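# fold the stuff below for me.
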Amino acid sequence: MDLLLTNKIVAITGPAKGMGEAITRAFAVEGARLALLARDTLAVSALEMELRDQGVDVVLVACDITNSDQCEQAVAHIREALGDVPDVLINVAGGSGPVGKSGADTTFEEFEEIVRLNMAGCFNTMRAVLPGMMERRSGKIVNVGGTFGMRGKAGRMAYSASKWGLRGITKSMAIEAGPHNININIVAPGMVDGQRFRTKVCLDMAVKLGVSEEEAAQRHAADYALQRISTAQDVADACLFMASERSRQITGTDLPVDGGWAAL
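Okay, the predicted model is just below:
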């Protein structure tokens, strides 16, 4: 199926690690023109050069998404470099916040930091691209949320709150942007297989239960309806769909990519 993303300008925050890298590569394969937004551009430069060598039209933009002025400057940079405002914005950048801390033990500073990154960061980038999208009367925004923002999680209150709040931002702005032919949705990954899952999550469970790391991974998978852990490519595929015209009639929704965990 042709997703009709060829030559679309796609801005991606957090483009070079884990899910972000998989999403960036997926859009490159579809022929999109890429604007990679990162606070640490050095960490993205190798990926940028690799994509450029493959013939991808790509620009690397320095941007701290928690700074609203920098987000507006980034969109202006994209317009100058690629000729227009983004057709698509994919908000991947985010953080995990304190892990294993109850709400009562979480400090205000810890809470504020993750809410500022996961909520305000997405708000800033959305606010920066929406005027141009509204003027053009087309656009797609995909926010990468998380299933802890759909069910809650003990020991992850601050992260859960930030992703729950992102849902409210997404749904409210989807209603406002709909009359301008703009779709805004959330892709909500569950646990995603990768370095952190293998070296942190599985290792912690293995030590706690006295099992092997592989058995720990299998126990995690058993919690999901499909009995398997999501991959970064699974998340990238969902973002491609939500960014394409194949999802033209979908807006203000959450799309869990979690093997059925949120449904159980």
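# isn't residue 140 up against residue 240?
No - under the criterion of Cβ atoms under 8 Å, residue 140 is not in contact with residue 240, lying 10.6 Å apart. Backbone N, C-alpha and C define where each C-beta goes, glycine included.
# how many residues are close by the nearest residue to residue 97 once chain neighbours are set aside?
Nearest residue to residue 97, sequence neighbours excluded (Cβ to Cβ, 6 or more residues apart in numbering): residue 114, at 3.5 Å. Residues lying near residue 114 (other Cβ atoms under 10 Å) number 23.
# spell out the secondary structure type for residue 129.
Of the three states, residue 129 takes helix according to DSSP: H, G, I helix; E, B strand; the rest coil.
# didn't it look like it was pressed against residue 86?
Yes - using Cβ under 8 Å, residue 129 is in contact with residue 86, at 5.4 Å.
# shared neighbours of those two, anything?
11, 75, 139 (Cβ atoms under 8 Å, 6 or more residues apart in numbering).
# run through the residues that contact the second one.
Residues counted as contacts of residue 75 (Cβ under 8 Å, 6+ apart) are 11, 85-86, 128-129, 132.
# now render those residues as TSV, adding neighbour count and distance to residue 254.
Supplementary listing: those in TSV, determined by neighbours: other Cβ atoms under 10 Å; distance: Cβ to Cβ, whole Å:
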residue	neighbour count	distance to residue 254
11	28	21
85	23	26
86	28	22
128	25	23
129	23	21
132	17	26
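# residue ranges with poor pLDDT in the stretch 51-200 of the chain?
Across the stretch 51-200 of the chain, nothing is flagged by pLDDT under 70.
# that one: helices as residue ranges?
Listed in chain order, the helices found in the stretch 51-200 of the chain under DSSP state H, counting those that start in this stretch are 68-82, 108-115, 121-136, 148-151, 157-177, 195-196.
# possible to save those helices as TSV with distance to residue 213?
Below are those laid out as TSV (distance: least, Cβ to Cβ, whole Å):
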stretch	distance to residue 213
helix 68-82	40
helix 108-115	27
helix 121-136	33
helix 148-151	22
helix 157-177	23
helix 195-196	13
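# of all those helices, which one comes closest to residue 48?
helix 68-82 (12.5 Å; Cβ to Cβ).
# buried residues in the closest one?
Within helix 68-82, the residues that qualify as buried are 68, 70-72, 74-75, 77-78, 82, counting by 16 or more other Cβ atoms under 10 Å.
# cool, stretch 33-45 as well?
Buried-residue list, stretch 33-45, by 16+ other Cβ under 10 Å: 33-39, 44.
# in those, find the pair that's most separated.
33 and 39 (21.8 Å).
# show me the contacts for residue 194.
By Cβ under 8 Å, 6+ apart, the residues touching residue 194 are 18, 231-232.
# that one and residue 71, how far apart?
Separation of residue 194 from residue 71 (Cβ to Cβ, to the nearest Å) stands at 27 Å.
# list the buried residues of stretch 225-238.
Buried residues in stretch 225-238, defined by neighbour count with 16+ other Cβ under 10 Å: 228-232, 234-238.
# an error on my part: the question was meant for stretch 128-139.
Residues of stretch 128-139 classed as buried by neighbour count (16+ other Cβ under 10 Å): 128-130, 132-134, 139.
# do stretch 140-153 as well
Taking 16+ other Cβ under 10 Å as the criterion, stretch 140-153 shows 140-151 as buried.
# with stretch 244-260 instead?
Neighbour-count burial for stretch 244-260 [16+ other Cβ under 10 Å]: 244, 247, 251-259.
# which among those residues gets closest to residue 171?
Nearest to residue 171 out of the buried residues of stretch 244-260 is residue 252 (Cβ to Cβ; 4.7 Å).
# touching, that closest one and residue 171? I think so.
Yes - contact criterion Cβ under 8 Å: residue 252 and residue 171 qualify, at 4.7 Å.
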